[in-house]
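Chemist: Build me a model:
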Amino acid sequence: MKLILLSLLLVLSCLSGYSTTLTVTNSGATFSPSSITITVGDDVNFVLETIHNAVEVSQATWNANGSAALPGGFSTGFGGGLVPANQLGIGTHYYVCTPHASIGMKGTIIVQGTTDIPGNLFRPDFSIYPNPSEGLVTIKAKTNVIGRNYFIIDNAGRKVFEGRLNDETTPVDVSQLARGIYLFQLAGTKKAPVKILKY
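Modeler: Predicted coordinates:
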């Protein structure tokens, strides 16, 4: 029980220092600002009049002032709502107000990486690459940590993946995970978890 509580505290302390919430409002039938640039791990809060919503669409739909929702994309109700960081992977997210897309009520969220999530995540005992990843990451472990269990933890503190480092290189398929930031934790270590970015 103490190990679970300690892990949860480590996760929460790591997450609290890396997230910012930016706000998008509306002015009539336009989003304000209509384009924002955020850092991976940031949330976006839409505060809109009750006749407006925000729905992620494809770039082609956005260009055509259409309103067909992007499968797996974010969506807020009328009046807005919070879009959490795990729904905003690196890249450009195109969104519209469904009833007003045809008159050009649309915006973009540009998500950039951070300098504290490098391409090849390295710690003295192990490295994780590629990072960010769309599907497969490799954990390269030194001999002193081979045989240890590892956990991948989501931003709610839940273990979403568990495995064992059986060799110097261990492939891990993260394709089933949603876009977002996850924490990689080696069992039996007091070091803070390491971030993995899935997009």
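
Chemist: Downstream of the helix or strand of the chain with the lowest mean pLDDT, the next helix or strand is which one?
Modeler: Lowest by mean pLDDT, DSSP states H and E among the helices and strands of the chain is helix 2-16, with a mean of 36. Later in the chain than helix 2-16, the nearest helix or strand by DSSP states H and E is strand 21-27.

Chemist: any idea of the pLDDT on the residue nearest to the spatial centre of the chain?
Modeler: Centroid check for the chain by CA atoms, centre = their mean gives residue 180 as the closest residue, at 1.9 Å. You'll see residue 180 listed with a pLDDT of 77.

Chemist: Give me the neighbour count for the residue nearest to it when sequence neighbours are not counted.
Modeler: Counting by CB to CB, 6 or more residues apart in numbering, the nearest residue to residue 180 once its immediate chain neighbours are dropped is residue 86, at 3.0 Å. Any C-beta I mention is one placed from the backbone N, CA and C, and that applies to glycine too. Per other CB atoms under 10 Å, the neighbour tally for residue 86 reads 19.

Chemist: Pretty sure residue 154 is one of the things residue 86 touches, is it not?
Modeler: Yes. The pair residue 86 / residue 154 is scored as a contact, 7.2 Å apart, by CB atoms under 8 Å.

Chemist: just to revisit the earlier point, bridged to the residue nearest to the centre of the chain, which residues?
Modeler: In this entry, residue 180 is beta-bridged to residue 198, by DSSP bridges.

Chemist: Assess the claim that it and residue 89 are in contact.
Modeler: Yes. Between residue 180 and residue 89 there is a contact at 7.1 Å, judged by CB under 8 Å.

Chemist: Quick check: neighbours shared by residue 86 and residue 154?
Modeler: Residues touching both residue 86 and residue 154 (CB atoms under 8 Å, 6 or more residues apart in numbering) are residue 180.

Chemist: Show the contacting residues for the residue nearest to residue 180.
Modeler: 154, 155, 178, 179, 180, 181.

Chemist: would you turn the residues you listed into a markdown table with distance to residue 44?
Modeler: Listed next are these as a markdown table, based on distance: CB to CB, whole Å:
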| residue | distance to residue 44 |
| --- | --- |
| 154 | 19 |
| 155 | 15 |
| 178 | 16 |
| 179 | 14 |
| 180 | 13 |
| 181 | 15 |
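
Chemist: between these, which is nearest residue 161?
Modeler: Nearest to residue 161 among the contacts of residue 86: residue 154, at 9.3 Å, using CB to CB.

Chemist: Quick one: neighbours of that closest one, just the number.
Modeler: For residue 154, the neighbour count with other CB under 10 Å is 19.

Chemist: any idea how far it is from residue 29?
Modeler: To residue 29, residue 154 is 36 Å away according to CB to CB, to the nearest Å.

Chemist: Show me the shaky parts of this protein.
Modeler: Scanning the chain for pLDDT under 70 picks out the ranges 1-19, 113-124, 189-199.
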